[in-house]
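Asker: what's the 3D shape of this:
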Amino acid sequence: MTPAFEALQKELKRLPGVGFRSAERMAIFLLLERPEVAVELSQAISSARERVRRCELCGNVCEEKYCSICEDERRAETGSLCVVEHVSDLMALEKSGAFRGRYHVLHGKLSPINGVGPERLNLAGLKERIEKESITEIILALPNDVEGEATCHYIIDLIASDEVEVSRIGFGLPSGASVLYADSVTLKSALEARKRF
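Answerer: Residues are numbered from 1 along each chain as shown. Next comes the predicted model:
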């Protein structure tokens, strides 16, 4: 391998979900099999870097001051605000069509071991929104892990309001999954999130 090829492979490997073999295949594809795609990809990345930014209100991706979700007044009328870890979580919820309120993206979760404290997250923006907007419900759609749990508790302490109802999304078995193959954490969450039938 050449130094330039290895440098490209190394950079591709830094992308989320891309391992050594995937990075190798992508580099070969971009450099040898379809070099025109490399040019188009480079232009798209350059254009996006110039135009795409975080929504000043919720942290979603946008090209203006606010994203289309925050600009939709019908969503504000629900009084619901769904707090998510990443923009990709927001996108997944939007695709499901299950939530029609507004969102707030934290861009991470509390993790003292990894040096992520409250100041690194979009928590100040959340507190400001609760004080200024007519929010009646906050739905915490954060991961079911230690850091997600800690972040939820921090947010509950941050809000400290009787006027805002706080809930957390349910966790458990995905559709079509079997109890037999579920891990103990998933089974515990499924039992705790049970509802009357």
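
Asker: neighbouring contacts of the helix or strand hosting Leu41?
Answerer: Assessed by DSSP states H and E, Leu41 sits inside helix 35-51. For helix 35-51, contacts defined as C-beta atoms under 8 Å, 6 or more residues apart in numbering pick out Phe29, Leu30, Leu31, Glu63. To be clear about C-beta, it is placed using only N, CA and C from the backbone, and glycine gets the same treatment.

Asker: Repeat that for stretch 106-123.
Answerer: Contact with stretch 106-123 is made by 59, 83-87, 104-105, 126, 142-143, 147-148, 150-151, 154-155, 158, as judged by C-beta under 8 Å, 6+ apart.

Asker: How about the contacts made by the most centrally placed residue in the chain?
Answerer: Closest to where the C-alpha atoms of the chain average out (C-alpha atoms, centre = their mean) is His86, at 1.7 Å. Neighbouring residues of His86 by C-beta under 8 Å, 6+ apart: Val105, His107, Gly108.

Asker: Going along the chain, name the strands of this structure.
Answerer: Per DSSP state E, the chain carries strands over the ranges 53-54, 61-62, 80-84, 102-105, 137-141, 165-168.

Asker: which residues does the closest residue to Gly170 other than its chain neighbours contact?
Answerer: In space, and not counting its chain neighbours, Gly170 is closest to Ala193: 3.6 Å by C-beta to C-beta, 6 or more residues apart in numbering. Listed by C-beta under 8 Å, 6+ apart, the contact partners of Ala193 are Gly170, Phe171, Gly172.

Asker: Quickly note the distance from the closest residue to the last one other than its chain neighbours to Arg21.
Answerer: So the one you mean is Gly172. Leaving aside its sequence neighbours, Gly172 sits nearest to Ala190 (C-beta to C-beta, 6+ apart; 3.0 Å). According to C-beta to C-beta, to the nearest Å, Ala190 and Arg21 sit 34 Å apart.

Asker: what stretches of this protein score poorly on pLDDT?
Answerer: For the chain, residues meeting the criterion pLDDT under 70 lie at 197.

Asker: Where do the domain boundaries of it fall?
Answerer: Using automatic domain parsing, the domain parsing of the chain gives 3-51, 76-169.

Asker: now, of these, which is deepest in the fold?
Answerer: Per residue and on average, the most neighbours among the domains of the chain fall to domain 76-169, with a mean of 16 (mean count of other C-beta atoms under 10 Å).

Asker: centre of the chain versus it, how much separation?
Answerer: With C-alpha atoms, centre = their mean, to the nearest Å as the basis, domain 76-169 stands 10 Å off its chain's centre.

Asker: At which residues are the helices of this structure located?
Answerer: Remark: helices assigned in the chain by DSSP state H are 3-13, 20-28, 35-51, 68-71, 73-76, 87-96, 123-132, 146-159, 184-192.

Asker: Any chance of TSV for those helices, columns distance to Val116?
Answerer: Shown next, in TSV, are these (distance: least, C-beta to C-beta, whole Å):
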stretch	distance to Val116
helix 3-13	22
helix 20-28	26
helix 35-51	24
helix 68-71	25
helix 73-76	29
helix 87-96	16
helix 123-132	11
helix 146-159	8
helix 184-192	22
